[in-house]
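> return a 3D structure for these sequence lines:
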Amino acid sequence: MIVVTAVILVPIALPVAQAFFPALGRGGAVEFSLQGFAQMFAPGNLTFTWLANSLQVTIDTVAFSILIAAPAGYVLSRGRNHIVSGYSLVLFVIQSLPVFILAVPLFLMFARAGWYDSLVSLGLIYVGVSLSVAVWMLAAYFDTVPPSLEEAAWIDGCSVYGGFLRIVLRNSLPGILSTAIFVFLLSWNDYLLAFIFLRSDRLLTLPVSFGLGGAGVILLIVPPILVFAVLNRFFSVGIGGALAGR
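As a prediction, this is how the structure comes out:
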């Protein structure tokens, strides 16, 4: 795992090093400098705008994906009929399609409707692209919550919807966070769809903003690191205790 991780991090190491040592690999004197960061946030630069665009699209995508995928995953987990089986097959087929195949027809459709240069449209596409995997991930975690807990809640007067909210979702926090992080990384790191659907400079997201150099690479990787650092402790919240032996 260490070797594989090291190989993956090699392409990132050079631009990160160049953010603090601009002359590295260019034949000049290797000296520590924060000039790249100063230029990135200089007056008139759109870095803050691009950062805000990325955060807006990513947060909206995560929120709407979870809101849609959670009830859909619950149906996939608890439903046992031909309609649900057909729905599962459709999700599997959509999940197996490469994004590039969907990009061209989506661009033509959005261009005809006049929606192609919009953060809202880009977020809508991100939700559609990530939804199939999000539903599968949540359905797999909902399977670990015993239906007997819901049945006990129903006997006590809880509705099906109430049981879903108070029993299933409450005991599925690690699965929800894992799905949210997956959707976050998919939309935050996306280059292809943002490059195709965005045209205005002020609407660009960080991955398609050229000329930021090594400082831009650091700015791009810091939010995912912070997300993992903040949410990592919640992954220890399992389904033991209230679910053990019941």
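> contacting residues around the residue nearest to residue 176 when sequence neighbours are not counted?
Nearest non-adjacent residue to residue 176, counting by Cβ to Cβ, 6 or more residues apart in numbering: residue 66, 6.4 Å away. To be clear about C-beta, it is placed using only N, CA and C from the backbone, and glycine gets the same treatment. Residue 66 is in contact with 134, 176, 179-180, 183, counting by Cβ atoms under 8 Å, 6 or more residues apart in numbering.
> avg pLDDT for stretch 168-184?
In this model, stretch 168-184 has a mean pLDDT of 90.
> just the buried positions in stretch 171-182, please.
171-182 (16 or more other Cβ atoms under 10 Å).
> what do you get for stretch 104-123?
106, 110, 116, 118-119, 121-123.
> what about the residue nearest to residue 176, which helix or strand?
Here residue 66, judged by DSSP states H and E, is contained in helix 47-78.
> what about that helix, average pLDDT?
On average, helix 47-78 scores 92.
> got the buried residues for that helix?
For helix 47-78, by 16+ other Cβ under 10 Å, it's 47, 50-51, 53-54, 57-58, 60-62, 64-66, 69-78.
> just stretch 10-21 next, same as before
15, 18-21.
> so what touches that stretch?
Against stretch 10-21 from outside (Cβ under 8 Å, 6+ apart): 24-25, 30-34, 36-37, 213-215, 217-218, 221.
> can you check stretch 209-229 too?
12, 15-20, 22, 36-37, 39-40, 46-47, 50-51, 55, 181, 184-185, 188-189, 206-207.
> filter those residues down to just the ones in helices.
Residues of these located in helices (DSSP state H): 12, 15-20, 36-37, 39-40, 47, 50-51, 55, 181, 184-185, 188.
> and residue 162, how close does it get to residue 205?
Noted for residue 162: a distance of 39 Å to residue 205, by Cβ to Cβ, to the nearest Å.
> between those two, who's got more neighbours?
Counted by other Cβ atoms under 10 Å, residue 162 and residue 205 do not tie: residue 205 has more neighbours, with 28 against 14.
> how far out from the middle of the chain is the helix holding residue 66?
7 Å (Cα atoms, centre = their mean, to the nearest Å).
> and the helix or strand that comes right after that helix, what's buried?
Downstream of helix 47-78, the first helix or strand assigned by DSSP H and E is helix 82-96. Across helix 82-96, burial judged by 16+ other Cβ under 10 Å covers 87-88, 91.
> any weak-confidence spans in this structure?
23-30, 210-212, 234-246 (pLDDT under 70).
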